[in-house]
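> Provide a 3D model corresponding to the input given below.
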Amino acid sequence: MFVQLKWGAAGMFFKSKKESAPDRPSTSSLESPIGTPAPSPSTSQPAVDPLSTDASGPTPVARSKRRNVRRDPAAVFGEVVGLLMRNKRYRELSIADLEWLVVPALKSNQFALAYSKASEAKQARTVGVALWACVDEATDRQLMQSRDNPIRLKPEQWNSGKIVWLIDAVGPQDVIRGTLARLLKNEFAGREVRMASIDAEGVRSVRNLTAA
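Now for the predicted structure:
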């Protein structure tokens with residue numbers, strides 16, 4: 001399965017918009033650094049934290065109460081790219097090669113970062129990132145037939161509709177599972193969510209994700 005999970009950072013070309021940890025990453029501290037995905041293709045929102053975090057993990061909060069966070073977009077972009085380039089599927093690619101995958105998701109606020117828990121000796125560090133697109137029906141049909149791994153979209157397709165496609169997720173399996181569960185219960189609640197995967201034989205399949 002090609003999906004792995006880490007929640008990401010914003011690109012260096014944007015006008016506005018996390019960090020080190022225990023040896024073993026934890027799924028309990030999850031947060032989106034720029035904000036929630038736009039509810040419609042034409043809606044743009046200020047940077048917000050869609051999940052607040054405490055010692056026991058992320059706690060969904062009302063959108064009106066989410067605190068605004070301004071992050072350095074270059075730093076966020078660097079976090080996501082750094083995570084991807086530690087994955088064997090992206091290791092040989094240059095930063096320029098990864099822009100097509102990272103920049104549209106960050107500009108659309110359609111990504112999430114997972115952080116390990118901080119301790120007295122160490123700061124929390126980024127351990128996972130998830131990137132998703134919100135597509136229209138035409139793009140959905142295209143993706144159902146696509147053989148790309150990972151999925152490739154044009155910039156204008158990333159936020160063209162309401163059907164959610166998990167484009168990629170990078171990180172330890174326990175982080176991926178925890179992150180997906182939280183996304184399905186919060187950001188993706190009530191929406192169609194699809195994910196493509198490729199098995200050991202190279203066979204691609206698409207499945208719909210639902211909250212447990």
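
> three-state assignment of the residue nearest to Arg152 when sequence neighbours are not counted?
Spatial nearest neighbour of Arg152, chain neighbours left out: Trp100 (6.8 Å); criterion: CB to CB, 6 or more residues apart in numbering. In short, each C-beta sits where N, CA and C put it, glycine included. Look at Trp100: counting by DSSP: H, G, I helix; E, B strand; the rest coil, its state is helix.

> ok, now how distant is Trp100 from Ala196?
According to CB to CB, to the nearest Å, Trp100 stands 17 Å off from Ala196.

> ok, these two, which is more surrounded?
With other CB atoms under 10 Å as the criterion, Trp100 and Ala196 differ in neighbour count, and Ala196 comes out ahead with 23 against 12.

> quick one: contacts for that one?
If a contact means CB atoms under 8 Å, 6 or more residues apart in numbering, then Ala196 has Phe2, Leu143, Ser146, Asn149, Ile151, Trp165, Arg204, Ser205, Val206 as its contacts.

> What does the second one show for phi and psi?
In this case it means Leu143. Dihedral pair for Leu143: phi -70, psi -30, per degrees, to the nearest 10.

> Pull the number of nearby residues for it.
Here the count is done by other CB under 10 Å, and Leu143 has 21 residues near it.

> quick one: it and Leu166 touch, right?
No: look at Leu143 against Leu166 with CB atoms under 8 Å: they stay out of range, at 10.8 Å.

> Now do the shared contacts for those two.
Between them, Leu143 and Leu166 share these contacting residues under CB under 8 Å, 6+ apart: Arg194.

> Give the buried residues for the longest strand anywhere in the chain.
Of all segments of type strand in the chain, defined using DSSP state E, the longest is strand 126-135. Using 16 or more other CB atoms under 10 Å as the burial criterion, the residues of strand 126-135 that qualify are Thr126, Val127, Gly128, Val129, Ala130, Leu131, Trp132, Ala133, Cys134, Val135.

> other SSEs contacting that strand?
Strand 126-135 makes packing contacts with helix 73-84, helix 95-107, strand 111-115, strand 163-170, helix 173-185 when contacts are defined by 3 or more CB pairs under 8 Å, 6 or more residues apart in numbering; DSSP states H and E.

> could you give the angle of the first one to strand 163-170?
Going back to what we said before, that points to helix 73-84. 70 degrees (axes from the mean of the first three to the mean of the last three CA atoms, to 10 degrees).

> name the helices or strands packed onto helix 73-84?
Helices and strands in packing contact with helix 73-84 are listed as helix 95-107, strand 111-115, strand 126-135; criterion 3+ CB pairs under 8 Å, 6+ apart.

> the inter-axis angle of that helix versus strand 126-135?
Using the same axes, to 10 degrees: helix 73-84 against strand 126-135 is 100 degrees.

> Okay, buried residues for helix 73-84 please.
Neighbour count says helix 73-84 has Pro73, Val76, Phe77, Gly78, Glu79, Val80, Val81, Leu83, Leu84 buried, by 16+ other CB under 10 Å.
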